[in-house]
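Trainee: Requesting a structural model of the entry that follows:
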Amino acid sequence: MHMKRIVTLIAVGLLALPSLALAEDAPLSEVAYILNTFSFLISGVLVMWMAAGFGMLEAGLVRSKNVATICLKNISLFGIAGILYYLVGYNLMYSGVDGGYIGSFGLWGADDAAALAGDYAAGYAAGSDWFFQMVFCGAACSVVSGCVAERIKLWPFLIFCVVLTGIIYPIQGSWVWGGGWLSEMGFSDYAGSTLVHSVGGWAALTGAIILGARKGKYGKDGKITPFPGSNLTLATLGTFILWMGWFGFNGGSALALGSAGSAIEQSNVYINTNLAACGGMIAAMIMVQVLYKKVDVTMALNGALAGLVSITAGPAAPAPGVAILIGAVGGVLVVLAVPFFDKLKIDDVVGALSVHLVCGIWGTLAVPISNSETSFVTQLIGVAAIGVFVIVTSAIVWLAVKYTVGLRVSEEEEYQGCDLAEIGMEAYPYFQGRNIN
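Mentor: Alright, predicted model coming up:
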């Protein structure tokens, strides 16, 4: 009797196994949905934290009389990016592109009804994707801020940010990440060496040329006058914050964390991102030592950022050694590019053009080294097409602002500093000889 009961229990257990397996399938898909959503959200927070990195880096590299203004610009542009990406940016970038050149105009709205009903085919919550993409939009705008610092008016700069975040960035982004014509061609940019960093770089380059250099930067005899930054400690802190945030920038671009494969991919991206930064920094330090016999702290900082930008177009595929090499080339390029732009009398206050534009191009062209699914020609076409589009559209906006409300502060205001001239307060009032009372 006892044996019969045991046999019966075993039989019932065996019959129940298929139903248990089916019961586990649904929670697993929900777990993947939750993990993917979490990845977008936490990665988005890390990218948002990069705003602090940009702010501190730029605050440390501008002169003390312009620090408060640059801080205000960096927080303002993220507010603008958030609103514009909601109003028009996201749909322009992702809605109905279908191999074309532009999405649709309209407010973004989340539709998670299917997931709430138990269908997790979407893969992640709609709002998590919007948040992740929005902070990328803000990062592109941050690149411009430092380049044109110390001589641009506050509100005209923010007007440009409205157009960049609401129109220019989303349209070119639709060509690749939105499934547009460059995506159909096979152009690859994993996390935005071109779509984010070079776009910010092209916009900054156009603005710097139209705006002109700071007074006294370039002499008639070809002499270049250095304007040391106010606080290398802040600049170093900003670099570390950016370095940390970049793990979300590149890692989150895996777009999933709901399987072993996606978890491994994110891990590889983290490793390659870190190693590229290390390679860029060390290469820049060695290059500066060889050329100038002393190591420049700002070059070391920009070398790390150069490595990060360089690997961003393809951080998942390379072996670790290749990632170091890609970053190291970026570090060398940034050391060569800074004096190159100075010789052209293009005044870039923080080295944004050398880091984000030059290394963004290099990183994008380097993708075929480890990714056989694209080609150098395809990558070059994408870089050129996006570059031309951003230069033309940015120039139209910069010139329109220049000849309407004005773009540049007066010579007297520039000498006084944008802090007092533009916003009436200073970052370091007790250390600049002002009468506080």
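
Trainee: okay, and for the protein, where does confidence drop off?
Mentor: For the chain, the stretches with pLDDT under 70 are 1-28, 432-437.

Trainee: From the centroid of it, which residue is nearest?
Mentor: Closest to where the C-alpha atoms of the chain average out (CA atoms, centre = their mean) is residue 139, at 4.3 Å.

Trainee: And that residue, how close does it get to residue 358?
Mentor: For residue 139, the distance to residue 358 equals 17 Å [CB to CB, to the nearest Å]. The way it works is simple: take the backbone N, C-alpha and C, and place the C-beta from them, glycine included.

Trainee: Nearest residue to residue 32 in space, please, no chain neighbours.
Mentor: residue 258 (2.9 Å; CB to CB, 6 or more residues apart in numbering).

Trainee: Hmm, I typed the wrong one, I wanted residue 369.
Mentor: Residue 369's closest residue in space is residue 322 (CB to CB, 6+ apart), at 6.5 Å.

Trainee: didn't the one you found look like it was pressed against residue 370?
Mentor: Yes - the pair residue 322 and residue 370 qualifies as a contact (CB atoms under 8 Å) at a distance of 5.7 Å.

Trainee: Now do the helices in the stretch 101-250 of the chain.
Mentor: In the stretch 101-250 of the chain, the helices defined using DSSP state H, counting those that start in this stretch lie at 113-116, 126-147, 154-163, 169-174, 181-185, 199-211, 232-251.

Trainee: Out of the ones you listed, which gets nearest to residue 103?
Mentor: Checking those against residue 103 by CB to CB gives helix 169-174 as the closest, at 5.0 Å.

Trainee: and that closest one, what does it pack onto?
Mentor: Here helix 169-174 touches helix 90-94, helix 126-147, helix 376-402, going by 3 or more CB pairs under 8 Å, 6 or more residues apart in numbering; DSSP states H and E.

Trainee: want to throw the ones you listed into CSV with distance to residue 299?
Mentor: Shown next, in CSV, are the helices and strands packed on helix 169-174 (distance: least, CB to CB, whole Å):
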stretch, distance to residue 299
helix 90-94, 35
helix 126-147, 15
helix 376-402, 25
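
Trainee: Of all the ones you listed, which one is nearest residue 62?
Mentor: Taking the helices and strands packed on helix 169-174 one by one with CB to CB, helix 126-147 is closest: 7.7 Å.

Trainee: how far out from the middle of the chain is that closest one?
Mentor: 7 Å (CA atoms, centre = their mean, to the nearest Å).

Trainee: List the buried residues of that helix.
Mentor: By 16 or more other CB atoms under 10 Å, the buried positions in helix 126-147 come out as 126, 128-147.

Trainee: which stretch of helix or strand covers the residue nearest to residue 369?
Mentor: Element membership for residue 322 (DSSP states H and E) is helix 320-343.

Trainee: Quick one: residues in contact with the following helix or strand past that helix.
Mentor: Where DSSP H and E defines the elements, the next helix or strand beyond helix 320-343 is helix 352. When contacts are defined by CB atoms under 8 Å, 6 or more residues apart in numbering, helix 352 is touched by residues 143, 144, 146, 147, 200, 201, 204.

Trainee: neighbours around residue 429, how many?
Mentor: If you count neighbours by other CB atoms under 10 Å, residue 429 ends up with 14.

Trainee: Can you pull the phi/psi pair for it?
Mentor: Residue 429 adopts backbone torsions of phi -60, psi -30, taken as degrees, to the nearest 10.

Trainee: Now do it against residue 70, distance only.
Mentor: Using CB to CB, residue 429 is found at 16 Å from residue 70.

Trainee: how near is the closest residue to residue 154 other than its chain neighbours to residue 73?
Mentor: In this structure, residue 154 finds its nearest non-sequential neighbour in residue 422, 4.9 Å apart by CB to CB, 6+ apart. In this view, residue 422 and residue 73 are 10 Å apart by CB to CB.

Trainee: Need the overlap of contacts for these two.
Mentor: Residues touching both residue 422 and residue 73 (CB under 8 Å, 6+ apart): residue 154.

Trainee: who has more neighbours, the two?
Mentor: Taking neighbours as other CB under 10 Å, residue 422 and residue 73 compare with residue 73 leading, 28 against 21.
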